[in-house]
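**Student:** From the sequence below, what's the structure:
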Amino acid sequence: MTKKILIGLAVLLIVLVAVYGIRRLTVHEGLAPPAALKALVVQKAPKPAPSVAFGDAGGARHSLEGLKGHYVLLNLWATWCAPCVAELPALAKLSGQVPGLRVMAVDVGRDGPKAADIFLKAHQAGALTTYVDTDIALIRAFGAYGLPMTALIDPKGNVIAKAEGPAEWDSPEAVAYFKRLTGS
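**Tutor:** Residues are numbered from 1 along each chain as shown. Below is the predicted model:
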């Protein structure tokens, strides 16, 4: 009788791990980005996102520390960067399709918040909130060598993946990936 109980408990444990363990997969544990996001490279050793402040169109200051508890896709761009401008509409579409993901495109040029806001609206990216970093503190903190540079930050505040260069952020595969990752 005890042998049957032990076998039953073992089977139950295996089923529970299979059912609940899959939901807890993270980008580090086998949920690799799809081909559409080939530029997004999973970090082998995630590190805390830098504690850097940047502004919004209204002049308010924000920091990545204040976004803990959420998945964040932080994109650094500039008006003079052609690949950046080309991917802004895709980032805007992604932001509306994955409720559990905060897409933050930060203009690291010297244009200022008003010019950045006008630029986003003129380039089919008006759905994005306007953020600016005219001091280029984010570029220095992330060690970005080129633009666009995008960092995927987990709810604990760790950079879990980075993309140097553009990606197909709004492709069906990318949207499905971010929905799976965030549980949206």
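**Student:** any idea which strand is longest in this protein?
**Tutor:** strand 40-48 (DSSP state E).
**Student:** That one - contacts with which helices or strands?
**Tutor:** strand 158-164 (3 or more CB pairs under 8 Å, 6 or more residues apart in numbering; DSSP states H and E). Backbone N, C-alpha and C define where each C-beta goes, glycine included.
**Student:** Give the other helices and strands that the strand it packs on contacts.
**Tutor:** strand 40-48, strand 149-153.
**Student:** A125 is nearest to which of those?
**Tutor:** For the helices and strands packed on strand 158-164, the distance to A125 is smallest for strand 149-153, at 14.3 Å, taking CB to CB.
**Student:** okay, the angle between the closest one and strand 158-164?
**Tutor:** 160 degrees (axes from the mean of the first three to the mean of the last three CA atoms, to 10 degrees).
**Student:** ends of stretch 31-51, how far apart?
**Tutor:** 27 Å (CA to CA, to the nearest Å).
**Student:** Now do it: everything it contacts.
**Tutor:** With contacts defined as CB atoms under 8 Å, 6 or more residues apart in numbering, stretch 31-51 is touched by 25, 27-28, 63-65, 72, 74, 138, 141-142, 150-154, 157-169, 171, 173-174, 176-177, 180-181.
**Student:** three-state assignment of P155?
**Tutor:** Three-state secondary structure (criterion: DSSP: H, G, I helix; E, B strand; the rest coil) places P155 in coil.
**Student:** Identify the residues contacting it.
**Tutor:** P155 neighbours (CB under 8 Å, 6+ apart): 68-71.
**Student:** Of the residues you listed, which belong to strands?
**Tutor:** Using DSSP E, these in strands are Y71.
**Student:** Buried subset of the contacts of P155 as a PyMOL selection?
**Tutor:** Restricted to buried positions by 16 or more other CB atoms under 10 Å, the PyMOL selection for the contacts of P155 reads:
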select buried, resi 71
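**Student:** Rebuild the contacts of P155 as CSV, extending it with pLDDT and distance to V106.
**Tutor:** Below are the contacts of P155 laid out as CSV (pLDDT from 0 to 100; distance: CB to CB, whole Å):
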residue, pLDDT, distance to V106
K68, 95, 18
G69, 97, 20
H70, 97, 16
Y71, 98, 16
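**Student:** so which strand or helix has the closest residue to A86 other than its chain neighbours?
**Tutor:** The shortest distance from A86 to any non-neighbouring residue, by CB to CB, 6 or more residues apart in numbering, is to P166 (6.3 Å). P166 belongs to no helix or strand when assigned by DSSP states H and E.
**Student:** Please give me every residue in contact with P166.
**Tutor:** Residues counted as contacts of P166 (CB under 8 Å, 6+ apart) are 39, 83-84, 86-87, 148.
**Student:** in stretch 90-101, what's buried?
**Tutor:** Applying 16+ other CB under 10 Å to stretch 90-101 flags 90-95, 97-98, 101 as buried.
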